[in-house]
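Participant: coords below, sequence missing:
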C-alpha cells in the first residue's frame, strides 16, 4: 500500500513538474514576444502600407477595446502610491508637456522649411508635431520596466492638453484653426486610460491573490 501511495505521489509530482515547465516556457515565450513589440509594429506597418485592406477589419471599436485591455493589464501592476509619488515631483511632467507642445512643433516647422516642403506637407508636419503622446509609449515603458505611473500621467496630461494646445499652435504657426473634438478626447481618455487603470488598481488592492495568479499571463 505504501509503495502504491509513493508511486501516486511520484506521478503527481511529475505532472506538477511538467505543468510548471510548460507554464515557465509560456512565460518566457510571451516575454520575448512582448520585448519584440517594435518589430511587430514595423512588420504590421509594412503590411498595412502594402495592403491597407488587410487591416480593414480592425475597426475603432476593436482598437479602443485593445488599448483598454492593455491599460488594464498595466493598472493591475500599479498602486495609488505610484501616482502620488509622481505628483510629488511634477517637474518631469511639466518638462515633457513643454517639450511636446513647444519643441516638437518648432522642430517640425523647422524641418519642413529646411526641406522645402509645400504648404500642405508643412501643415501636416506641424500638425503631427502638435499632438499628444500615444498609449504605445506606456506599453514601451512597461516593457522596459520603467515608471509606468509617470508615463501614464505624462500621456494623460498631453492628451487633455491637446484640446487647447493643438489649435493654438496651429493658429500661431500656420495661421489656421484646426478643430478638435474636446468631448471625444475627454471620453476616449476616460474609456481607454483612466477607467481601465482605476479598475486595475482596485483589483490589485482588493484581490491581490487573483492579480498574482494572472499577472504572468498578461
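Facilitator: Perfect, thanks for sending it. Quick caveat: nothing in here was measured; it's all calculated off a predicted structure.

Participant: quick one: low-confidence parts of this structure?
Facilitator: Residue ranges of the chain with pLDDT under 70: 1-16, 217-218.

Participant: How are the helices of this structure distributed by residue range?
Facilitator: For the chain, helices defined by DSSP state H occupy the ranges 2-35, 37-50, 60-75, 80-87, 91-98, 104-114, 119-128, 136-143, 148-174, 182-189, 195-206, 208-214.

Participant: Mean neighbour count added to those helices, as JSON lines?
Facilitator: The C-beta positions use only the backbone N, C-alpha and C, and glycine is treated the same way. Compiled in JSON lines, the helices of the chain are given as follows (neighbours: other C-beta atoms under 10 Å):
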{"stretch": "helix 2-35", "mean neighbour count": "10"}
{"stretch": "helix 37-50", "mean neighbour count": "11"}
{"stretch": "helix 60-75", "mean neighbour count": "16"}
{"stretch": "helix 80-87", "mean neighbour count": "14"}
{"stretch": "helix 91-98", "mean neighbour count": "13"}
{"stretch": "helix 104-114", "mean neighbour count": "16"}
{"stretch": "helix 119-128", "mean neighbour count": "16"}
{"stretch": "helix 136-143", "mean neighbour count": "18"}
{"stretch": "helix 148-174", "mean neighbour count": "19"}
{"stretch": "helix 182-189", "mean neighbour count": "13"}
{"stretch": "helix 195-206", "mean neighbour count": "17"}
{"stretch": "helix 208-214", "mean neighbour count": "12"}
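
Participant: residues in contact with residue 160?
Facilitator: Contacts for residue 160 (C-beta atoms under 8 Å, 6 or more residues apart in numbering) come out as 185, 186, 189.

Participant: Who are the contact partners of the last one?
Facilitator: Which is residue 189. Here residue 189 is in contact with 156, 159, 160 (C-beta under 8 Å, 6+ apart).

Participant: Once you drop chain neighbours, what's closest to the first one?
Facilitator: Distances taken as C-beta to C-beta, 6 or more residues apart in numbering put residue 193 closest to residue 156, at 5.8 Å, once the chain neighbours are dropped.

Participant: Any idea how many residues pack against that neighbour?
Facilitator: Residue neighbour count, defined by other C-beta atoms under 10 Å, stands at 22 for residue 193.

Participant: Use 145 as the first number from now on
Facilitator: From this message on, residue numbering opens at 145, which makes the last subject residue 337.

Participant: wait, doesn't it sit right on residue 298?
Facilitator: No: using C-beta atoms under 8 Å, residue 337 makes no contact with residue 298, being 11.4 Å away.

Participant: got any residues that touch both of the two?
Facilitator: Counting by C-beta under 8 Å, 6+ apart, nothing touches both residue 337 and residue 298.

Participant: follow-up on the earlier one: quick one: residues contacting the residue nearest to residue 300.
Facilitator: Here residue 337 is in contact with 215, 279, 296, 299, 300, 303 (C-beta under 8 Å, 6+ apart).

Participant: what do you get if the cut-off is 7 Å, keeping everything else the same?
Facilitator: Residues in contact with residue 337 (C-beta atoms under 7 Å, 6 or more residues apart in numbering) are 215, 279, 296, 300.

Participant: can you check residue 265 too?
Facilitator: Contacts for residue 265 (C-beta under 7 Å, 6+ apart) come out as residue 256.

Participant: The one 5 residues further on too?
Facilitator: By C-beta under 7 Å, 6+ apart, the contact list for residue 270 reads 249, 252, 253, 256, 314, 317, 318.
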